[in-house]
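1. give me coordinates for this.
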Amino acid sequence: MSWLQLRLDTQPAQVGTLEDLMLSTGAVAVTMEDNADQPVLEPGVGETPLWGQTRLTGLYTADTDMKAVLAAFPGELLQQANQRVEILEDKDWEREWMQHYQPMPFGKRLWVCPSWLQPPEPTAVNLLLDPGLAFGTGTHPTTALCLAELDGMALDGRCVIDYGCGSGILAVAALLLGASRALGVDNDPQALAASRDNSARNGIDGTALALALPGAYDRAAWAGRADVVIANILAGPLVELADTLLGFLKPGGTLLLSGLLDTQAPDLCRRYADRLELRVAGEKEGWVCLRGTLPG
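-> Coordinates of the predicted model:
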């Protein structure tokens, strides 16, 4: 089945009006995207920021009378919005994405391989991954930085905690690299389901990886027990969660923090400075991974 899409380039003040018009004229979906390569990072609570130049795309069924649709829009708005109607051929979008996701090496030992492809290095530590709806494929710089750090660690028999585990990629990687047990925490139930699936896909013993929503794990059982704590989230939550993350670590344990830009690193280092010294362990495309050791 083919679809028709109406594309409009507009300013934030007009987005609401144009979105309502698209939906009222039969659009089955409306998407918004950046139209000027302008990043929007970490909005405040309750904020819904839009790009200075926003592109709206309304998706219509192939039999829609697009002349009638356009007639419902004020002519001045359409003229300003550089309107165009395009035919969109239907695709198997899951397979389309899968075609572009290939095996990737991290460090000296670890490969992350899509579960539908054969690992290129059978003797390597191969993590078979199907991220599902959760964050974490290894393609984002912050995930790649964390994987490279884990690959360089001696993890045999260690306890690892992945806070904000997403697809489970970091916790599963740690277990495959020798860790004996891990805890994955995420506030999204879909992430926990993806982590559970990826753990099973890699032959991880069901007792080796515990998964829980924040606060739903046994605090006493995990407090001060972790050799490695990883949090690949955002700078704001990393500040707010400082006490929680440090509370997991045993003396001499390692803290890995990522999900932040290089410009955000100094403030985060200062937030943790009274407990441990953080340093930049890796940088990629403007993103950084911080690493520190808890004294004691």
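
2. contact partners for Arg181?
-> 159-160, 175, 207-210 (Cβ atoms under 8 Å, 6 or more residues apart in numbering). C-beta here means a position set from N, CA and C on the backbone, and glycine is covered the same way.

3. pull out the buried members of the residues you listed.
-> The neighbour count (16 or more other Cβ atoms under 10 Å) marks 159-160, 175, 209-210 as buried among the contacts of Arg181.

4. pLDDT and secondary structure added to those, as CSV?
-> Shown next, in CSV, are the buried ones among the contacts of Arg181 (pLDDT from 0 to 100; DSSP: H, G, I helix; E, B strand; the rest coil):
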residue, pLDDT, secondary structure
Cys159, 98, strand
Val160, 98, strand
Leu175, 98, helix
Leu209, 98, strand
Ala210, 97, strand
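
5. re the thing from before, identify the farthest-apart pair in the contacts of Arg181.
-> The widest separation within the contacts of Arg181, taken as Cβ to Cβ, falls between Val160 and Thr207 and amounts to 14.6 Å.

6. list just the nearest of the contacts of Arg181 to Gly292.
-> Nearest to Gly292 among the contacts of Arg181: Val160, at 15.6 Å, using Cβ to Cβ.

7. would you check that the closest one makes contact with Arg225?
-> No: using Cβ atoms under 8 Å, Val160 makes no contact with Arg225, being 10.4 Å away.

8. which parts of the stretch 1-150 of the chain are strands?
-> 2-10, 29-34, 54-61, 84-89, 104-106, 110-114, 125-129 (DSSP state E, counting those that start in this stretch).

9. turn these into JSON lines, columns for mean neighbour count, distance to Glu285 and mean pLDDT.
-> Shown next, in JSON lines, are the strands of the stretch 1-150 of the chain (neighbours: other Cβ atoms under 10 Å; distance: least, Cβ to Cβ, whole Å; pLDDT from 0 to 100):
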{"stretch": "strand 2-10", "mean neighbour count": "19", "distance to Glu285": "27", "mean pLDDT": "89"}
{"stretch": "strand 29-34", "mean neighbour count": "14", "distance to Glu285": "17", "mean pLDDT": "86"}
{"stretch": "strand 54-61", "mean neighbour count": "19", "distance to Glu285": "24", "mean pLDDT": "91"}
{"stretch": "strand 84-89", "mean neighbour count": "11", "distance to Glu285": "30", "mean pLDDT": "84"}
{"stretch": "strand 104-106", "mean neighbour count": "19", "distance to Glu285": "15", "mean pLDDT": "94"}
{"stretch": "strand 110-114", "mean neighbour count": "22", "distance to Glu285": "18", "mean pLDDT": "93"}
{"stretch": "strand 125-129", "mean neighbour count": "22", "distance to Glu285": "21", "mean pLDDT": "94"}
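
10. which one of the ones you listed lies closest to Gly164?
-> With Cβ to Cβ as the criterion, Gly164 lies closest to strand 125-129 of those, at 16.7 Å.

11. over to the nearest residue to Arg291 once chain neighbours are set aside. Which of the three states is it?
-> Nearest residue to Arg291, sequence neighbours excluded (Cβ to Cβ, 6 or more residues apart in numbering): Ala281, at 3.8 Å. In three-state terms, and counting by DSSP: H, G, I helix; E, B strand; the rest coil, Ala281 is strand.

12. could you measure from Ala281 over to Val172?
-> Computed as Cβ to Cβ, to the nearest Å, the Ala281 to Val172 distance reads 21 Å.

13. who has more neighbours out of these two?
-> Counted by other Cβ atoms under 10 Å, Ala281 and Val172 do not tie: Val172 has more neighbours, with 29 against 19.

14. next one: the more buried one from Ala208, what distance?
-> Val172 is 10 Å from Ala208, by Cβ to Cβ.

15. low-confidence ranges, the stretch 151-296 of the chain, go.
-> Of all residues in the stretch 151-296 of the chain, none has pLDDT under 70.
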